[in-house]
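Trainee: sequence first, predicted coordinates after that:
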Amino acid sequence: MNSFRLFPERASTVSHQTDALYLFLCTVTALFSILIFVLIVYFAVKYRRRSAVPPPPVHTDLRLELAWTIIPLLIVLFIFFWGARVFFYIYRPPRDSLDVHVIGKQWMWKIQHPSGRREINELHVPIGQPVRLLIASQDAIHGFYIPAFRIKQDAIPGRFATIWFQADKVGEYHLFCHEYCGTQHSKMIGRVVVMDQQKYQDWLAGTPAEESPAESGAKLFRSLKCIECHAEKAPSMAALYGSKQRMADGAIMEADENYLRESILDSTTRVVAGYAPIMPSFRGQISEEQLMELIAYIKSLRDPASLKKTD
């Protein structure tokens, strides 16, 4: 981690794609810059003013006009589609991803694994396993940045953000906050430890048992008395996550993390068709971590029977 590199080490599946695109952009930029510079010098010398007699008029060549229009257009379209392909690859996590919760706080990263294991400014992950990060901020704007994985995602107060990676090289890698977030921003650093699958399981097993986010969310769901309404008066939580919901205004919404967040904190903003806006707002009553735990519990519900067990 301490050796100097012109470019950060590549240690994820997406890092090779982003580097290839970046190097292509640099190459195209350099070639066109050199070509334009050489042509400017050449034309400045060849067509310099030699006498007071005006030169004859110059007529354009249609073939030349088409060439310097079509060729750059094709290059730009190629870059656009290549960049779009990399973008969608980064922001569409596989279905079998390992969900990890990340909360940015002045001045640390609080991380929790699905098993309940918690970390501060460290993230242990298994090699070859897609890892999906659900990122939020408790105060200012932070930026979760792992240079070796070529991923960067802002943590913005009031919303969730997601990004994923798949490490393909065992080792330790830098973790930074890339957004200035206050006086100790420069100290908001950490490390990502990529481990073999067996070592990762041993690492998880070698710590005291902790409640998973879903288990903590289930207790919170009971303590807030959510079951009293969501059994009959409000939409069922069973199999809600990822489904399509029709709102009272006719809009169709996907029940993802941000939809659930808005429904918990600003319950009357969007009301499901067929139900009255009776749910109270929990804004200011629960923390970002508790909000993630509630959503983790809702995501774990797959059938009505699983919901009744919490009653």
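Mentor: Good, I have the coordinates.
Trainee: now do T269 against V45, distance only.
Mentor: Distance of T269 to V45, given as CB to CB, to the nearest Å: 67 Å. In short, each C-beta sits where N, CA and C put it, glycine included.
Trainee: looking at the two, which is more packed in?
Mentor: A side-by-side neighbour count of T269 and V45, using other CB atoms under 10 Å, places T269 first with 11 against 8.
Trainee: for the chain, name the helix or strand with the lowest mean pLDDT.
Mentor: helix 304-308 (a mean of 50; mean pLDDT, DSSP states H and E).
Trainee: S51 belongs to a strand?
Mentor: No. Read with DSSP: H, G, I helix; E, B strand; the rest coil, S51 is coil and lies in no strand.
Trainee: ok, the closest residue to A296 other than its chain neighbours - contacts?
Mentor: Distance criterion CB to CB, 6 or more residues apart in numbering; nearest residue to A296, sequence neighbours excluded, is P213 at 3.7 Å. P213 is in contact with H101, Q112, P114, G116, M292, E293, A296, Y297, counting by CB atoms under 8 Å, 6 or more residues apart in numbering.
Trainee: what sits up against stretch 8-27?
Mentor: With CB under 8 Å, 6+ apart, stretch 8-27 has contacts from 7, 79, 82-83, 86, 89-90, 146-151, 165-169, 171, 173-174, 194.
Trainee: swap in 7 Å and give it another go.
Mentor: The contact list for stretch 8-27 (CB atoms under 7 Å, 6 or more residues apart in numbering) reads 79, 82-83, 86, 89-90, 147-150, 165-169, 171, 173, 194.
Trainee: buried stuff in stretch 130-145?
Mentor: By neighbour count with 16 or more other CB atoms under 10 Å, stretch 130-145 contains the buried residues 130-138, 140, 142-145.
Trainee: now for the residues you listed: which two are most distant?
Mentor: Within these, two members stand farthest from each other by CB to CB: P130 and A140, at 29.1 Å.
Trainee: any chance you could map the strands in the stretch 201-311 of the chain?
Mentor: Remark: strands assigned in the stretch 201-311 of the chain by DSSP state E, counting those that start in this stretch are 244-246, 252-254.
Trainee: packing partners of the last one?
Mentor: To tie it back to what came earlier, the one meant is strand 252-254. strand 244-246 (3 or more CB pairs under 7 Å, 6 or more residues apart in numbering; DSSP states H and E).
Trainee: now do stretch 172-186: distance from first to last residue.
Mentor: Distance between the two ends of stretch 172-186: 19 Å, counting by CA to CA, to the nearest Å.
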